[in-house]
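[1] Here is a sequence with its predicted model. Questions after.
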Amino acid sequence: MSKVHLIDHPLVQHKLTLMRNKEASTNSFRRLLNELAMLMAYEVTRDMAMQEVEIETPMEKTRARVIDGKKLVFVSILRAGTGILDGMLSVVPGARVGHIGLYRDPKTLTAVEYYFKMPQDMHERDVVVVDPMLATGNSAIAAVERLKELRPKSIKFVCLLTCPEGVAALQAAHPDVPIYTAAIDRQLNDHGYILPGLGDAGDRMFGTK
């Protein structure tokens with residue numbers, strides 16, 4: 001579990017609890033997801049690359065550090081990853097964005113890819129993969145495998161919720177990829193959903209069934 005980072009800041013936990021409530025409206029869920037992603041972004045980007053630039057303050061010229069956002073890529077696992085992506089881009093608007101389209105086969109629970117689009121020069125970039133849930137781990141594993149083909153400098157995985165089964169699966173397949181999450185819930189049920197969880201994040205975010 002050394003590569004698992006639990007973001008337990010009180011504001012993060014408060015907003016996650018509000019999201020879990022089944023009475024939360026689609027609008028509230030979407031807003032809370034955006035706010036929570038912004039808060040998580042501070043921890044996830046703690047070691048982000050920086051560069052020095054020359055600026056002029058009202059007093060004098062000086063050199064100061066700025067984020068090298070162009071080196072960072074947020075990769076959203078469609079469709080639910082979009083909610084985390086929007087919040088993270090609010091904090092790091094200079095980041096590039098990639099998308100991986102994966103859906104979970106309802107019978108086998110395996111991930112099936114239908115879309116893949118990334119920025120150029122991925123070998124020069126640090127990647128942050130975002131998806132609200134790390135449940136069976138199949139989608140996360142498939143996404144990271146695909147991204148490793150492009151040989152990025154580093155890969156992190158960010159989710160709101162996970163469970164022991166999801167953590168174990170992703171770490172077994174990709175032990176080099178750190179996991180950032182707001183909660184590690186009890187277990188998976190027979191249908192591959194996290195318990196107690198918050199239901200299907202995509203359905204709750206977009207108001208679909």
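    Perfect, thanks for sending it.
[2] Look up the closest residue to the residue nearest the centre of the chain, ignoring the ones flanking it.
    Nearest residue to the geometric centre of the chain (C-alpha atoms, centre = their mean): Val130, 2.2 Å. Among residues not flanking Val130 along the chain, Ile84 sits closest, at 4.0 Å (C-beta to C-beta, 6 or more residues apart in numbering). C-beta coordinates here come from the backbone N, C-alpha and C atoms, glycine included.
[3] Now the element after the host helix or strand of that neighbour, going C-ward?
    Secondary structure assignment for Ile84, by DSSP states H and E: helix 81-91. Using DSSP H and E, the helix or strand that follows helix 81-91 towards the C-terminus is strand 96-104.
[4] quick revisit: let me see the confidence value for the residue nearest to the centre of the chain.
    Looking at Val130, its pLDDT reads 97.
[5] can you check Leu32 too?
    Reading off the model, Leu32 has pLDDT 95.
[6] my hunch is that His123 is in a helix, does that hold up?
    Yes. Per DSSP: H, G, I helix; E, B strand; the rest coil, His123 lies within a helix segment.
[7] Quick check: closest non-adjacent residue to it.
    Closest residue in space to His123, ignoring its immediate chain neighbours: Arg151 at 4.8 Å, by C-beta to C-beta, 6+ apart.
[8] ok, the one you found touching Met122?
    Yes. Counting by C-beta atoms under 8 Å, Arg151 touches Met122, with 7.0 Å between them.
[9] In terms of neighbours, single out the busier of these two.
    Per other C-beta atoms under 10 Å, whichever of Arg151 and Met122 has more neighbours is Met122, with 19 against 9.
[10] Quick check: that one vs Leu18, distance?
    As judged by C-beta to C-beta, to the nearest Å, Met122 and Leu18 stand 36 Å apart.
[11] cool, Lys148 as well?
    Distance of Lys148 to Leu18, computed by C-beta to C-beta: 36 Å.
[12] ditto for Val91
    Val91 sits 20 Å away from Leu18, going by C-beta to C-beta.
[13] for Ala111, same thing?
    Applying C-beta to C-beta, the value for Ala111 to Leu18 is 29 Å.
[14] Over to Leu102?
    Note on Leu102: its distance to Leu18, by C-beta to C-beta, is 28 Å.
[15] Val144 too?
    Computed as C-beta to C-beta, the Val144 to Leu18 distance reads 30 Å.
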